[in-house]
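Participant: just coords:
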């Protein structure tokens, strides 16, 4: 297993310090590079060779020695301090002719002790830095450590401009009262014309010229003009009137049913004309059709997006699905084919057999990017097969065989389905242009005859296998809607029942899980097919895991790759901010498993080759943790604090408390400090009226408190919940009173994912714990230490639910945790380490838990106290040396859990293959 990034950073710091004064090339170079690779957990001699003999074209003897070579990965050339690194790099390249193709490195590293320079030959990038900067430059060396940063392209500025301008045009029309399907169709057709005007489908610029020269400046006749144009585009040239205005006659016949149906004509004005011309000034040839879905989202409001569950997709995120699902494999196959005509022919035939199916295709974003990448692979294969000085004479031979009819989609709404079809046609045109540039004359597929297979319907009620036959080279991929059970419409609820039935806890599953169930049904027809879906991260956390994955694992599902939680970004106005996972799965045992982890959920992933990927998206055995509400007998119970359900009348902030005491000083007898998660962490104060067993005579003498009690009663009577209504008869009491009579340990229900430890503290019974705290009555220093350990935090991070990306701590986290069974001496050591944490905190009076556990400012004595606690806890688990990585820790915990509970019939433990290092 690879080292954690923190461990690598610590080693890098020590390495830089140790060699800061080194200077002698011959005496210290091997030691330097051996220790350099150890920074990343690599034995340099095991994977490569020092002083590798090789031919050197630049030397007089023609012979030389490569300072270090890791075949196929990296070549190192080292010089004495102050020597010329350019010369070193040239010397390294001079060795290349003597190496076999399989030995040629992707990277060259040269150094003179004081400086390190890295050449990425594939990306054509060079980076140089001082040795002391190594701890901050670790991301460059993911190819050594097993952590590989995958770079995905960002959104083109022209794409953004196009989306915004077309969205503005739509808004002007809609605000003027032109809406519904007529507006939808009009915008789709306009989108096609704008693109065609720049991309070589139309004679360049004729659409813009038509608006500028044939419409009035006040825009009053623009709607009529565009409507006439639509009719022209739907009419073959030989069927058009001879007297047709030449500015309209210049447009080609498009067909493809895009302009067939008549549509209502909009009334237009000067602002609309100006907006359309503004759109026409964008260079649409540079706009990716993959962002047409964003154009669609740009003109829908936030409430509609939430109801539809739509989270439209950047190309970068689409490639996170497509690359490991099939594109990486195809690229490797093409690379292996080299210039071999037979293998290239077979590869081209395979590309034509591939079918891509998106059962929630929306505007076709996934299909567009998949089609584009297939065509580009085809182009490269054609280039290798037919390229050369006479390539321009071969256009008739090398027509593209990959076509849009290999793309299948299901979309519930008509307009997005139209956009998907148009986007694929336009992508096809762009790629035909690329093919033509490579091999000669321009070839257009006009009129449009071959069409993408886009079905308008409810994907959950359609027969997937009847629409797309599963099998080899059939891939189901997409971004289905994710909608929590509390947000579903009646129709969506009916879909859930149709797919999952009504038994058990399936009603608590997210709507997106229906696509998983349908995907498994589809693959059952031929287990060579594979699926990959973007999903809410909730399906791999908390209570949904057991319900969903118990069913899927029982049916043979195997996770082949997964992106752990990251922040999903959209290309549209009013971007949806959601936290997602990506899961690629099938019904066959995968030969290789890839796990993508995000140290920063807004950043790029680190790619690691895993032995197994379980439903929690952890490299560990397949286990399912039940939604366990009963605490094991050996532990004190964890439960929620008390809930007022009071309409806000029993709870007071600091200002409200002060006002009440000014008006009724005697109210102080009824006020108790009231803490939720926010107050516990940040040290803020709230108060509550705790009127249990209150002196009624004193209470009735305080009109301000009585007014609050009356308001509680009124609020509860308005509640739709019968139990809350019943408590209207008891307005002085909390609806749920779990306040302990002795000291208790309090944990926030929700806390930031940025902290290493969830802040928790012992509280006296005089402080009322709100329902936003989890409390443990009878907790001791032993329990405090275990819950504050890195062991427990590692477990919590993968099994707890999430609120966005923040941890949501539920009783099941605590109740399922595999606790250690320490000896008396180990238990005593753990209790001492707990006291050490409490003492370290006490050394900083006035600091809140947020202050103490800020990852940037955590006090050194508290860091040391937690480290001591971790050593004591790890020893109690029989691991006195700790764990090299968090992945190893989690694997240990899941294995321990598996050994402590009866194996689940639905999830037999599978032997995990030995891991292999991912080279990127």
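Facilitator: The structure has been received and is ready for your questions. Being a predicted model, the structure only gives us computed values, none of them experimental.

Participant: Show the contacting residues for residue 92.
Facilitator: Counting by CB atoms under 8 Å, 6 or more residues apart in numbering, residue 92 makes contact with 66, 75-77, 108, 110. Every residue, glycine included, has its C-beta placed from N, CA and C.

Participant: Can you tell me which of these has the largest number of neighbours?
Facilitator: Among the contacts of residue 92, the one with the most neighbours (other CB atoms under 10 Å) is residue 75, at 28 neighbours.

Participant: Pretty sure that one sits against residue 103.
Facilitator: No: Residue 75 is not in contact with residue 103 according to CB atoms under 8 Å; the separation is 9.1 Å.

Participant: As a check, name the ranges of all helices in the stretch 801-920 of the chain.
Facilitator: Assigned by DSSP state H, counting those that start in this stretch, the stretch 801-920 of the chain shows helices spanning 811-816, 824-842, 849-852, 860-876, 886-900.

Participant: make that the stretch 101-250 of the chain, sorry
Facilitator: 142-145, 157-175, 180-199, 206-214, 222-233, 246-249.

Participant: Give me the contact list for the fifth one.
Facilitator: Which is helix 222-233. Applying CB under 8 Å, 6+ apart, the contact partners of helix 222-233 are 186, 189-190, 193, 207, 210-211, 214-216, 240, 244, 248-249, 251-254, 258-259, 263, 265-268, 272-273, 276.

Participant: show me where the stretch 451-600 of the chain has helices.
Facilitator: 464-467, 490-500, 513-524, 544-554.

Participant: Quick one: those as CSV, columns for mean pLDDT too.
Facilitator: Compiled in CSV, the helices of the stretch 451-600 of the chain are given as follows (pLDDT from 0 to 100):
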stretch, mean pLDDT
helix 464-467, 96
helix 490-500, 88
helix 513-524, 96
helix 544-554, 90
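
Participant: Could you point out which of those sits nearest residue 413?
Facilitator: The closest of the helices of the stretch 451-600 of the chain to residue 413 is helix 490-500. By CB to CB, the value is 13.1 Å.

Participant: which one of the helices of the stretch 101-250 of the chain lies closest to residue 664?
Facilitator: The nearest among the helices of the stretch 101-250 of the chain, by CB to CB, is helix 157-175 at 53.8 Å.

Participant: and that closest one, how far from the chain's centre?
Facilitator: Put simply, helix 157-175 sits 27 Å off its chain's centre (CA atoms, centre = their mean, to the nearest Å).

Participant: Could you do stretch 787-795 as well?
Facilitator: The chain centre lies 24 Å from the centre of stretch 787-795; the measure is CA atoms, centre = their mean.

Participant: Output the longest strand belonging to this protein.
Facilitator: Under DSSP state E, the strand in the chain containing the largest number of residues is strand 558-568.

Participant: what's the angle from it to helix 544-554?
Facilitator: Inter-element angle recorded for strand 558-568 and helix 544-554: 150 degrees (by axes from the mean of the first three to the mean of the last three CA atoms, to 10 degrees).

Participant: Would you mark the buried spots in strand 558-568?
Facilitator: Neighbour-count burial for strand 558-568 flags 558-566, 568 (criterion: 16 or more other CB atoms under 10 Å).

Participant: Would you check that residue 355 makes contact with residue 472?
Facilitator: No: Residue 355 is beyond contact range of residue 472, at 9.9 Å (criterion: CB under 8 Å).

Participant: Going by how many neighbours each has, rank the two and give me the top one.
Facilitator: Taking other CB under 10 Å, residue 355 and residue 472 do not tie; residue 355 has more neighbours (19 against 12).

Participant: other SSEs contacting the helix or strand encompassing residue 50?
Facilitator: Taking DSSP states H and E as the definition, residue 50 sits inside strand 49-55. When contacts are defined as 3 or more CB pairs under 8 Å, 6 or more residues apart in numbering; DSSP states H and E, strand 49-55 packs onto helix 25-39, strand 63-70.

Participant: deepest of the ones you listed, which one?
Facilitator: The highest average neighbour count among those, using mean count of other CB atoms under 10 Å, belongs to strand 63-70 at a mean of 20.

Participant: what about the helices in the stretch 251-400 of the chain?
Facilitator: Using DSSP H, counting those that start in this stretch, helices in the stretch 251-400 of the chain cover 270-280, 292-298, 302-308, 315-322, 328-337, 341-353, 365-386.
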